[in-house]
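Trainee: model the structure of this input:
(chains A and B)
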Amino acid sequence: MMPFEYLRAGNEADALQAAADRPDARFIAGGTNLLDLMKLGIERPPQLIDIGGLDLRTMAETPDGGLRIGALVTNAELAAHPLVRARYPLLSQAILAGASGQLRNKATTGGNLLQRTRCYYFYDPASPCNKREPGTGCAAIGGFNRIMAILGTSAHCIASHPSDMAVAMRALDARVETRQRDGQMEVRALDALYRLPGETPHIDHTLAPGELITAVVLPAPLNGRQRYRKVRDRASYAFALVSVAATLAVEDGMIVQAAMAFGGVAPMPWRDRTAEALLIGQTPSQALFERCADAVTAEAQGQGGNDFKITLLRRTLAACLTDLTGNVP
Amino acid sequence: MPWIEANANVAVTLTVNGVSHRLELDARVTLLDALREHLRLTGTKKGCDHGQCGACTVLVNGRRINSCLSLAAMHGADNITTIEGLGTTDALHPLQAAFVAADGLQCGYCTAGQICSAMGMLEEWRAGWPSHVGEHAPAEAITAAEIRERMSGNLCRCAAYPRIVEAIQRYAGDEGAST
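Mentor: Okay, the predicted model is just below:
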């Protein structure tokens, strides 16, 4: 691990000021991903600002029936919170389908959103990787690419986003609150936190230097049922090959509301509004779910080793919608 | 607290098993290395050093974490419990005794992590925390399927898993019977 300057920030203002003074500094909270990458020399921050002492650990209902989650709430606390289990079971299910008990006790809400890909080549400093070392190439294209993305990729990077939590939050229309260096609060939709790789895959997100995530805000949940369905290579403690987060409301036999997000298949938690619109006003049926899957996978592109994800995504989507609507013809 | 320079040491007081230790550490020292190399508490083991195997599991304020993925400097305000704080060779903790009785180990390298993890896990169970397996009432007896899911962050390369599950279930049952 490269030596770094270290500061334990006493409060938000101190943390923001410290980050303003040192634009290459990184915030550290749970540290479960950042320290792992620092040990491997993949992340080499010259300074760490420890934000563990900041007052960002509370969860509170918002006046409009939503939920405001402090950035330092741990994944374990979030998944176990009674309000989350009652109103956003999708989120609880997604968190509990990921990582281990130990990691969920340490990993935070803000940090989970910013965790980096688990692409094998990103993790191997001996391999070319445009995300790790811009301009060196992508070893996953033409390489072993079983876990890579099939949507939203570019000729420069096909890495997938690893989070389960973020997939649920995308389906739940989460917004991310941040503080800029000057203390100004910003709010953006979760999808606007992320960016597709394009020609600059080394930049995962849209945060400005020194910008700190302070909370995630969920709007009041949609009516209907919620489900997170994840497919992975072993029964527990593995990243998603494919996951589907869905919330669906059926009234008088007709789908009246639908929101879906997909994990393991794209460089960011993926969402497809066209596919959602196809469901509205329709009677649930396997044929309808097939059409929905057609829309989601219309642009999907395999790289050989991950071709199976296109079929797996279609089937997981159909299975998830079947879970939510019961056995339909 | 001001910036600590890259080659200077950080002063941190670690409270481990009820005893406070004032240390001056390189900021890069993990909680695991502080316990083993600085406090000579070598019961906690280093397996993968990347949060994948669980051998380094300790309890921080009663919650289980991977001590390899945390900086010692970040734990000045915490109460840390290691395997040395649970039992001794002469006075085993009942969970340790259950591991012995059920033959819940072969080489033993993962055992301290398994036991600390199980302590934290059972506390989570009693608090009613759900898992990927499902929801439960806090007073319910824990099932083997729940133990397997909740302990998936602890690997045993000897594959003593059936006996590890048995040891934890036996201890949880005895504990449930005595409360």
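Trainee: backbone phi and psi for residue 170, please?
Mentor: Since no chain was named, I'll use chain A. The phi and psi values for A:R170, taken as degrees, to the nearest 10, are phi -70, psi -40.
Trainee: what's the answer for B:V19, then?
Mentor: phi -110, psi 130.
Trainee: what bridges to it?
Mentor: Under DSSP bridges, the beta-bridge partners of B:V19 are B:V16.
Trainee: doesn't A:A258 lie inside a helix?
Mentor: No - counting by DSSP: H, G, I helix; E, B strand; the rest coil, A:A258 is not found in a helix; it is strand.
Trainee: what's across from it in the sheet?
Mentor: A:L248.
Trainee: burial of it, as a residue count?
Mentor: The tally of other residues near A:A258 (other Cβ atoms under 10 Å in any protein chain shown) stands at 24. C-beta coordinates here come from the backbone N, C-alpha and C atoms, glycine included.
Trainee: residues touching it, list them.
Mentor: The contact partners of A:A258, by Cβ atoms under 8 Å, 6 or more residues apart in numbering or on different chains, come to A:A246, A:T247, A:L248, A:A249, A:E276, A:L279, A:I280.
Trainee: turn the residues you listed into a markdown table, columns for neighbour count and pLDDT.
Mentor: Putting the contacts of A:A258 into a markdown table (neighbours: other Cβ atoms under 10 Å in any protein chain shown; pLDDT from 0 to 100) gives the following:
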| residue | neighbour count | pLDDT |
| --- | --- | --- |
| A:A246 | 25 | 98 |
| A:T247 | 25 | 97 |
| A:L248 | 24 | 97 |
| A:A249 | 17 | 97 |
| A:E276 | 21 | 98 |
| A:L279 | 25 | 98 |
| A:I280 | 12 | 98 |
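Trainee: would TSV of those residues with distance to A:V187 be doable?
Mentor: As requested, the contacts of A:A258 are exported to TSV (distance: Cβ to Cβ, whole Å):
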residue	distance to A:V187
A:A246	25
A:T247	22
A:L248	27
A:A249	26
A:E276	23
A:L279	28
A:I280	27
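Trainee: now, among the residues you listed, which is nearest to B:N154?
Mentor: A:A246 (31.9 Å; Cβ to Cβ).
Trainee: how far is the one helix or strand that closest one maps to from where the chain is centred?
Mentor: Following DSSP states H and E, the helix or strand that holds A:A246 is strand A:242-251. Put simply, strand A:242-251 sits 17 Å off its chain's centre (Cα atoms, centre = their mean, to the nearest Å).
Trainee: CA atoms only for that strand, dumped as CSV, please.
Mentor: The C-alpha trace of strand A:242-251 is given here as CSV (Å, rounded to 0.1, in the frame of the first residue of the first chain):
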residue,chain,number,x,y,z
VAL,A,242,-27.8,-11.2,-13.6
SER,A,243,-30.2,-9.6,-11.2
VAL,A,244,-33.6,-8.0,-11.6
ALA,A,245,-35.2,-5.6,-9.2
ALA,A,246,-38.9,-5.0,-10.0
THR,A,247,-41.9,-3.3,-8.4
LEU,A,248,-45.2,-4.0,-10.1
ALA,A,249,-48.9,-3.1,-9.3
VAL,A,250,-51.8,-5.1,-10.8
GLU,A,251,-55.3,-3.8,-10.6
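Trainee: domain map for chain B?
Mentor: If you go by automatic domain parsing, the domain ranges for chain B are B:9-85, B:94-178.
Trainee: now stretch B:147-166: mean pLDDT?
Mentor: For stretch B:147-166, the mean pLDDT works out to 98.
Trainee: show me which positions of it end up buried.
Mentor: Within stretch B:147-166, the residues that qualify as buried are B:147-156, B:160-161, B:163-166, counting by 16 or more other Cβ atoms under 10 Å in any protein chain shown.
Trainee: which parts of the stretch 201-329 of chain A sit against chain B?
Mentor: Near chain B, the residues belonging to the stretch 201-329 of chain A are A:A235, A:S236, A:Y237 when assessed by Cβ under 8 Å from any Cβ of the partner chain.
Trainee: ok, of these, which one's closest to A:D307?
Mentor: A:A235 (23.9 Å).
Trainee: and the closest one, that one's in a strand?
Mentor: No - read with three-state DSSP, A:A235 is coil and lies in no strand.
Trainee: tell me the contacts of it?
Mentor: For A:A235, the contact set (Cβ under 8 Å, 6+ apart) comprises B:E149, B:S152.
Trainee: A:V187 now?
Mentor: Shown in contact with A:V187 (Cβ under 8 Å, 6+ apart): A:R175, A:V176, A:E177, A:T178, A:V217.
Trainee: narrow those residues to those in strands?
Mentor: Using DSSP state E, the members of those that fall within strands are A:R175, A:V176, A:E177, A:T178, A:V217.
Trainee: ok, and the most crowded of those?
Mentor: Going by other Cβ under 10 Å, A:V176 tops the ones in strands among the contacts of A:V187 with 25 neighbours.
Trainee: from B:L39, how far out is the closest residue to B:E37 other than its chain neighbours?
Mentor: Distances taken as Cβ to Cβ, 6 or more residues apart in numbering or on different chains put B:V29 closest to B:E37, at 7.9 Å, once the chain neighbours are dropped. Using Cβ to Cβ, to the nearest Å, B:V29 is found at 11 Å from B:L39.
Trainee: then B:C56?
Mentor: Shown here: B:C56 relative to B:L39, a distance of 14 Å by Cβ to Cβ.
Trainee: now chain B against chain A: closest residue?
Mentor: Residue nearest to chain A within chain B (Cβ to the nearest Cβ): B:G153, separated by 2.5 Å.
Trainee: tell me the helices and strands packed up against the longest helix along chain B.
Mentor: Assignment by DSSP state H gives helix B:161-178 as the longest helix of chain B. Packing contacts for helix B:161-178, counted by 3 or more Cβ pairs under 8 Å, 6 or more residues apart in numbering or on different chains; DSSP states H and E, involve helix B:94-102, helix B:111-126, helix B:144-150.
Trainee: and of those helices, who's closest to B:D78?
Mentor: Checking the helices and strands packed on helix B:161-178 against B:D78 by Cβ to Cβ gives helix B:111-126 as the closest, at 13.8 Å.
Trainee: cool, thanks, talk later.
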